[in-house]
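>>> A structural model of the following input is requested.
(one chain, ligands or ions: 1)
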Amino acid sequence: MATERFRREVIAGLLSAPKRLPSKLFYDERGSQLFDEITRLDEYYLTRTEISIFERYLPEMAALVGPNALVIEFGTGAGIKTAMLLRSLDHPRAYIPIDISSEQLAIASRELSARFPTVAVHPVCADYTESFRLPVVERGERNVIFFPGSTIGNFEPPGAVEFLRRAASLVGTPGALLIGFDRVKDRKTLEAAYNDKKGVTAQFNRHLIERVAEGFEVSISPEDFEHYAFYNEPENRIEMHLVSRKSQVLCLDSQTIHLAAGEHIITEYSYKYTPESFAKILAESGFQVSNTWTDPMDYFALCHAVVQR
Ligand SMILES: C[S@@+](CC[C@H](N)C(=O)[O-])C[C@H]1O[C@@H](n2cnc3c(N)ncnc32)[C@H](O)[C@@H]1O
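Numbering: from 1, shown residues only. Model prediction:
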């Protein structure tokens with residue numbers, strides 16, 4: 001049986017119109033493994049492009065972050081980009097990974113501690129959209145929030161601003177943000193990235209149904225839902241949905257939820273930005289862009305921004 005909070009969030013989402021399930025619920029141990037598989041798919045240009053930008057520009061990024069930094073990361077995942085950053089920084093002091101996926105957080109933290117014995121690693125298993133406490137750690141000369149992977153794209157723009165405002169107050173001054181965002185591009189490339197041929201993204205999407213089935217101890221089959229992902233161009237976002245293949249009734253705790261055949265459940269938004277539209281989000285959140293780096297195809301970008309006084 002899942003936690004009370006998980007059950008509350010699922011029920012609230014399925015009672016809303018249109019029906020939704022929050023994308024953070026993808027990430028338990030299995031969901032994190034599936035996401036890792038996605039990052040290695042041919043169609044999923046995001047991870048390899050972001051890594052290529054790091055490979056090329058990390059010395060510039062590290063110079064902007066400065067020495068003795070305290071690094072706070074939102075959504076560490078497997079920590080591959082974290083290792084690249086920590087290796088490039090000048091004597092990073094401490095690292096605080098924050099992730100909702102407890103098993104993966106424990107593995108990544110253990111590996112990073114072993115690889116960087118002079119960096120104090122203080123993992124926090126939390127939902128970063130809720131209020132949470134940071135461990136008491138001696139602050140560095142510069143504190144930096146690391147938020148790669150274009151995970152910021154999962155927030156709708158007003159939510160992204162609200163979240164980044166909270167991040168600015170968490171990091172304080174002098175403080176900075178090193179953040180990755182996915183760029184607006186042609187529909188074909190975008191839609192292929194979320195509709196891979198091997199069907200891993202479809203499995204990842206349907207994993208939410210496995211979580212609901214397990215969390216409420218009910219019998220719902222992932223096979224009764226179709227994966228549907230498309231680019232909503234006016235809104236500059238990929239939308240991932242699950243579409244019910246038949247009329248179904250879900251009894252979740254004391255709630256009865258009806259799903260019509262063909263009814264959609266929204267499971268993820270992934271907003272795409274231009275450097276200009278992203279700089280606007282950052283300015284509204286209290287950050288000033290110091291530099292933006294991109295790849296030769298203009299597919300992805302990383303941005304360093306400082307908290308405005
Ligand atoms: C898209 S993955 C990115 C992983 C990694 N940073 C990367 O760039 O490959 C999102 C990560 O954020 C975590 N995550 C998603 N929503 C979260 C939330 N609300 N609170 C904490 N962690 C969250 C997931 O568990 C996952 O590790």
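
>>> near the ligand at all, stretch 192-205?
No. Stretch 192-205 stays clear of the ligand (C-beta under 6 Å from any ligand atom), getting no nearer than 10.3 Å. The C-beta positions use only the backbone N, C-alpha and C, and glycine is treated the same way.

>>> Please state the offset of that stretch from the chain centre?
From the chain centre to the centre of stretch 192-205 is a distance of 17 Å (C-alpha atoms, centre = their mean, to the nearest Å).

>>> Pull the residues that contact it.
If you take C-beta atoms under 8 Å, 6 or more residues apart in numbering as the criterion, stretch 192-205 is touched by 26, 31, 34-35, 37-38, 41-46, 227, 229, 238, 240, 242, 267-268, 270.

>>> which of those are buried?
By neighbour count, with 16 or more other C-beta atoms under 10 Å, those hold 26, 31, 34-35, 38, 41, 43-46, 227, 229, 238, 240, 242, 267-268, 270 as buried.

>>> contacts with the ligand among those residues, please.
Applying C-beta under 6 Å from any ligand atom to these, those adjacent to the ligand are residue 35.

>>> Point out the ones among the buried ones among the contacts of stretch 192-205 that are inside strands.
Among those, DSSP state E puts 227, 229, 238, 240, 242, 267-268, 270 in strands.

>>> so the closest residue to the ligand within the stretch 101-250 of the chain, which of the three states?
In the stretch 101-250 of the chain, the residue that lies nearest the ligand is residue 149 (2.4 Å; C-beta to the nearest ligand atom). Judged by DSSP: H, G, I helix; E, B strand; the rest coil, the three-state class of residue 149 is coil.

>>> what do you get for residue 114?
Once three-state DSSP is applied, residue 114 turns out helix.

>>> State the distance from the residue nearest the centre of the chain to residue 277.
Central residue of the chain (C-alpha atoms, centre = their mean): residue 151, 2.9 Å from the mean position. Separation of residue 151 from residue 277 (C-beta to C-beta, to the nearest Å) stands at 17 Å.

>>> and if you look at residue 50?
Taking C-beta to C-beta as the measure, residue 50 and residue 277 are separated by 18 Å.

>>> likewise residue 283?
11 Å.

>>> can you pull the buried residues of the biggest helix by length in the chain?
Identified as the longest helix of the chain according to DSSP state H is helix 45-65. For helix 45-65, burial by neighbour count (16+ other C-beta under 10 Å) applies to 45-47, 49-54, 57-58, 61-62, 65.

>>> What is the subsequent helix or strand relative to that helix?
For helix 45-65, the following helix or strand on the C-terminal side (DSSP states H and E) is strand 70-74.

>>> For that next one, report the contacting residues that lie outside it.
Contacts of strand 70-74 (C-beta under 8 Å, 6+ apart): 82, 85-86, 89, 92-98, 128, 134, 137-140, 142-147, 151, 167, 170-171.

>>> Please narrow the residues you listed to those residing in strands.
94-98, 143-147.

>>> Residue 240 is in contact with residue 227, correct?
Yes. Look at residue 227 against residue 240 with C-beta atoms under 8 Å: they come within range, at 7.5 Å.
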